[in-house]
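Trainee: For reference, the sequence and a predicted model appear below.
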Amino acid sequence: MAEVRAEIRLPTQELRDDIPFFTKVLGMRMDMIYPADDPSVAVFSGHGVRVRIEAGAQEPPGTLRILSDDPDGFAKGQRVITAPNGTRVEIAELNPPLEMPETVHSFVVRRLADQAPWVIGRAGMHYRDLIPDRLGGSIIASHIRIPDGGPVPDMVHYHTVGFQLIFCYKGWVDLVYEDQGEPFRLHEGCCVIQPPEIRHRVLFASDNIEVIEIGVPAEHVTTIDHDMELPNGPPDPDRRFQGQRFVHHTVANAVWQPFRLPGFEARDTGISDGTNGVAGVQVARRSTGDTGWSAHDSDILFTFVMTGTMTLESKGKAPVALSPGDAFVIPPDMSVRYGAPSDDLELLEVSLPGVFETRTT
C-alpha cells in the first residue's frame with residue numbers, strides 16, 4: 001500500500017525567524033528544509049500535525065491549536081502566541097473539565113402538533129428539540145427517529161457528559177456497550193443510561209424507531225474511538241464510569257408502586273441509584289383516585305407524554321391539552337395539576353437530581 005502524508009501549508013515572510021519558533025517554542029521537529037543555499041520551505045511535525053512553512057504561499061497565516069494535558073508547562077504557560085509568520089497559536093487543555101451551566105429555570109411546553117422542525121443529525125438520525133431554550137444550556141432533550149430500519153452507520157464513540165439517557169419510545173434498536181458484554185436489543189418502553197465516556201455503538205434499528213435522548217449539559221462533545229472494538233470482552237456490570245454504572249431497565253422486570261403524585265403509579269428504572277443520585281427516571285401511568293395540585297424542588301423536572309392525554313394546569317396560566325409526543329418542563333416551586341388524565345396516560349419523567357421533594361399546594 002502506498003505511503004500517504006498530509007501537511008498544512010502556511011505562509012512566511014522570513015523563514016529564518018520561524019524555524020526557532022516552531023522548534024524551540026512549540027517543540028516541533030524540523031523534518032525538511034530547502035533549498036540549502038537560501039531556504040524558502042521548511043516542514044515541521046509534532047503534536048499530531050505536519051506543517052509546511054513556505055515563502056510566497058498565498059494562504060492566510062491561520063490558527064494552530066495545540067492541546068496539552070499540562071498547558072501551563074507548555075510554551076512557558078502562554079495560552080495565545082503569534083508566530084513570526086503571523087500564525088496564531090492557541091494552547092488549550094487536552095481534556096477540559098466538563099462545565100455544568102447553572103440552570104435557567106423556565107416553564108416549557110413543547111407540543112408535537114406545533115410541528116417543530118426535524119433536523120438531520122449524527123448518523124443520519126432525525127432530531128426534534130423538546131426543550132428549545134435548553135434551560136440556559138443545562139440540558140438537551142431530543143425526540144429522535146430513524147424512518148428506515150436496518151444497519152445504522154454508527155461508529156464506536158463516547159460522550160463527555162454528566163448524564164445521558166436513551167429511552168426507547170417506539171420500535172427497537174440493537175446496541176453494544178463497553179464492558180457490558182454482547183450486543184443487546186433495547187425494546188419499546190425500556191431504557192439505558194450511558195455513563196460519562198462509556199464507549200458504545202448503535203448497530204441496527206427497526207423501521208420507524210423513536211427514542212427520547214436526554215443529555216446534561218446541553219452542549220457536550222462526542223468523540224470517535226477508532227481503536228476500541230465492541231464487544232470488548234467479558235462483561236463487568238459493576239464498573240463505574242466517573243462514579244456512574246451502566247443501567248439497562250426493562251419493562252419485563254418493572255415493579256409498579258405509588259407515584260409521587262396522587263392518582264398515578266410508577267416504575268422506577270433504578271437510574272437514581274446507578275448515577276449516585278445525579279438523575280432519576282420513572283415511567284408513570286394513570287392509577288385511581290383524584291389528582292391534586294403540587295410543586296417540587298427538583299432543579300430540572302422534564303416530562304414526555306408517551307400515550308394518552310391530560311391537561312396541564314398551572315396557576316396563573318391557561319390550561320394546556322397534551323397528547324402523545326408532547327413534552328413539558330415544570331420549574332421548582334411552580335404549582336401544577338395533571339388534570340383530566342385519560343385511563344391510558346403514560347408519562348416519562350426525568351429529574352435532576354434523582355431524589356427530590358414534592359409537596360401538595
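Mentor: It's in.

Trainee: Could you use CA atoms for every contact and neighbour count after this?
Mentor: Noted.

Trainee: Val202: what's it in contact with?
Mentor: 152, 154-155, 173-176 (CA atoms under 8 Å, 6 or more residues apart in numbering).

Trainee: what do you get for Gln78?
Mentor: Gln78 neighbours (CA under 8 Å, 6+ apart): 72, 91.

Trainee: Run through the neighbouring helices and strands of the least confident helix or strand in the chain by mean pLDDT.
Mentor: Here the helix or strand of the chain ranked lowest by mean pLDDT, DSSP states H and E is strand 119-120, holding a mean of 80. Other helices and strands packing on strand 119-120, by 3 or more CA pairs under 8 Å, 6 or more residues apart in numbering; DSSP states H and E, are strand 126-129.

Trainee: Go again with 10 Å.
Mentor: strand 126-129, strand 140-146 (3 or more CA pairs under 10 Å, 6 or more residues apart in numbering; DSSP states H and E).

Trainee: ok, the residue positioned nearest the centre of the chain to Ile19 distance?
Mentor: Nearest to the geometric centre of the chain sits Gly215, at 4.6 Å (CA atoms, centre = their mean). For Gly215, the distance to Ile19 (CA to CA, to the nearest Å) stands at 45 Å.

Trainee: likewise Leu345?
Mentor: Leu345 is 70 Å from Ile19, by CA to CA.

Trainee: sorry, back to before: who's in contact with the residue nearest to the centre of the chain?
Mentor: Shown in contact with Gly215 (CA atoms under 10 Å, 6 or more residues apart in numbering): 138-142, 159-166, 194.

Trainee: so it sits in a strand?
Mentor: Yes: looking at Gly215 with DSSP: H, G, I helix; E, B strand; the rest coil, it is inside a strand.

Trainee: what's the burial count for the nearest residue in space to Ser68 that is not next to it in sequence?
Mentor: Excluding the flanking residues, the one nearest Ser68 by CA to CA, 6 or more residues apart in numbering is Leu94, at 4.6 Å. As a burial measure, Leu94 scores 12 neighbours (other CA atoms under 10 Å).

Trainee: Please look at Leu94 and His47 and confirm they touch.
Mentor: No: between Leu94 and His47 there is no contact under CA atoms under 10 Å: 11.3 Å.

Trainee: Quick check: the residue nearest to Val251 when sequence neighbours are not counted vs Arg267, distance?
Mentor: Of all residues not flanking Val251 in the chain, Cys190 sits nearest, at 5.8 Å (CA to CA, 6+ apart). Computed as CA to CA, the Cys190 to Arg267 distance reads 11 Å.

Trainee: Ok, Leu15 next?
Mentor: 69 Å.

Trainee: And Gln257, by the same measure?
Mentor: From Gln257 to Arg267 the distance is 6 Å (CA to CA).

Trainee: So between the two, which is more surrounded?
Mentor: Neighbours per residue (other CA under 10 Å) separate Gln257 from Arg267, with Arg267 holding more: 19 against 12.

Trainee: Wasn't the more buried one part of a helix?
Mentor: No: under three-state DSSP, Arg267 falls outside any helix and is assigned strand.

Trainee: Does it touch Ala252 like I think?
Mentor: No: Arg267 lies out of contact with Ala252 (CA under 10 Å); the separation is 11.0 Å.

Trainee: So for the nearest residue to Ser206 once chain neighbours are set aside, what's the pLDDT?
Mentor: Spatial nearest neighbour of Ser206, excluding adjacent residues (CA to CA, 6+ apart): Gly149 at 4.5 Å. Note on Gly149: pLDDT of 87.

Trainee: residues near Gly149, how many?
Mentor: Quick note: Gly149 (other CA under 10 Å) scores 15 neighbours.

Trainee: show me the contacts for it.
Mentor: Gly149 sits next to 171-173, 204-209 when contact means CA under 10 Å, 6+ apart.

Trainee: Can you give me the neighbour number for Arg65?
Mentor: Neighbours around Arg65, by other CA under 10 Å: 13.

Trainee: mind listing what's buried in the helix or strand where it lies?
Mentor: Counting by DSSP states H and E, the element that carries Arg65 is strand 63-68. Using 16 or more other CA atoms under 10 Å as the test for burial, strand 63-68 gives 64, 66-68.

Trainee: How about stretch 126-134?
Mentor: 126-134.

Trainee: which SS class is Val43?
Mentor: strand.

Trainee: Could you report the distance from it to Asn85?
Mentor: 14 Å.

Trainee: Overlap in contacts, the two.
Mentor: Common neighbours of Val43 and Asn85 (CA under 10 Å, 6+ apart) are 53-54.

Trainee: which residues are common contacts for Cys190 and Arg267?
Mentor: 249, 251, 254, 283.

Trainee: which among those end up buried?
Mentor: 249, 283.

Trainee: With pLDDT as extra columns, can I get the shared contacts of Cys190 and Arg267 in CSV?
Mentor: Conversion of the shared contacts of Cys190 and Arg267 to CSV gives the following (pLDDT from 0 to 100):
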residue, pLDDT
His249, 97
Val251, 95
Ala254, 94
Val283, 98
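
Trainee: nearest to Pro262, of the shared contacts of Cys190 and Arg267?
Mentor: Val283 (14.4 Å; CA to CA).

Trainee: Just grab the bridge partners of that closest one for me.
Mentor: Arg267, Leu348 (DSSP bridges).

Trainee: cool, Arg110 as well?
Mentor: Beta-bridge partners, per DSSP bridges, of Arg110: Ala327.

Trainee: Distance check, the residue nearest to the centre of the chain against Ser142.
Mentor: To Ser142, Gly215 is 9 Å away according to CA to CA.

Trainee: again, but for Asp133
Mentor: Applying CA to CA, the value for Asp133 to Ser142 is 12 Å.
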